[in-house]
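[1] With the input below, show me the fold.
(one chain, ligands or ions: 1)
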Amino acid sequence: PDAKDNILETRGLTMEFRGFVAVRNVDLNVKRHTIHALIGPNGAGKTTCFNLLTKFLRPTAGTIVFNGQDVTRTGPAATARLGMVRSFQISSIFAHLTVIENVRVALQRKLSTSFHFWKPKSSLYPLHARADELIEWVGLETHRDALAGDLSYGRKRVLELATTLALDPELLLLDEPMAGLGHEDIGRVAELVRRVAQDRTVLMVEHNLDVVSDLSDTITVLTRGSVLAEGDYASVSSNPAVREAYIGG
Ligand code: ADP
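    Numbering: from 1, shown residues only. Below you'll find the predicted structure:
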């Protein structure tokens, strides 16, 4: 594949914990404007891989290249500023603020990390307009002035997505976006993820294989820290080694 098509590439990505290799020589190729899923049985190394990409861990070997730039040793905040942002973190929203206030805080944070430290107050109005736009885009407009803490679990997840989008990421890293959601909320979040991927890229770790088959353009299957298979759902789900890993693993 043409390197310019890949927004994210890892080469030989490896993470060793005191002699135990949790992630071994992983080469990922995440194509721009696609939904890419990382799956695998328990203990496969998905979480470790995700933590390497989000810079919560530093790899013992290998490289991570985002938009042609080596970010292997770039910290989490600097990586986020480059456009690679993790979402669905444990309670990244403020329960005591309203829905719209949460989005404004996120937009404000984006502003304060750019180079405009001082802005006349009137320049905040576009920020307010942008916050309303985002709330509408994710479909929370009827909950705009509700306290975030009073939202249903599914709507909190949607609000988290809105606050992540406020940072205007090119690549969203989603850690089990459907975890804990009921059928209806899964449909709602899936639809949002699909819309996000129209002009951004999504890489997600997800256990729900129905969701993975429904949403993913590309799936990477990990087992015991290594890539076992990569391709679309039809190709990986018909792969005997993948079946074996899921049933026998
Ligand atoms: P998955 O998310 O696919 O279930 P993990 O990445 O959580 O897999 O774990 C992969 C392997 O690495 C597991 O065997 C786990 O016990 C091990 N592991 C994960 N984190 C650590 C750590 N901090 N120290 C030692 N071993 C770890």
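[2] how close does F17 get to the ligand?
    3 Å (C-beta to the nearest ligand atom, to the nearest Å). C-betas here are computed from N, CA, C, even on glycine.
[3] ugh, typo on my part, it should be G43
    For G43 relative to the ligand (C-beta to the nearest ligand atom), the value is 4 Å.
[4] tell me the secondary structure for that residue?
    coil (DSSP: H, G, I helix; E, B strand; the rest coil).
[5] Tell me the residues of this protein that contact the ligand?
    By the rule C-beta under 6 Å from any ligand atom, the part of the chain lying against the ligand is F17, F20, A22, G40, N42, G43, A44, G45, K46, T47, T48.
[6] now with 8 Å?
    Residues of the chain found near the ligand (C-beta under 8 Å from any ligand atom) are 17-18, 20, 22-23, 40-51, 205, 222, 225.
[7] now, which of these lie within strands?
    F17, F20, A22, V23, V205, L222 (DSSP state E).
[8] What subset of the residues you listed is buried?
    With burial judged by 16 or more other C-beta atoms under 10 Å, the buried subset of these is A22, V23, V205, L222.
[9] wait, doesn't the last one sit right on A44?
    The reference is to L222. Yes - using C-beta atoms under 8 Å, L222 makes contact with A44 at a distance of 4.1 Å.
[10] Mind listing the shared neighbours of the two?
    Here L222 and A44 have no joint contacts, going by C-beta atoms under 8 Å, 6 or more residues apart in numbering.
[11] so who does the residue most central in space within the chain touch?
    Nearest residue to the geometric centre of the chain (C-alpha atoms, centre = their mean): L173, 1.6 Å. Residues near L173 by C-beta under 8 Å, 6+ apart: F50, L53, T54, M84, V85, R86, S87, L203, M204.
[12] what's the answer for H207, then?
    I39, E176, M178, A179.
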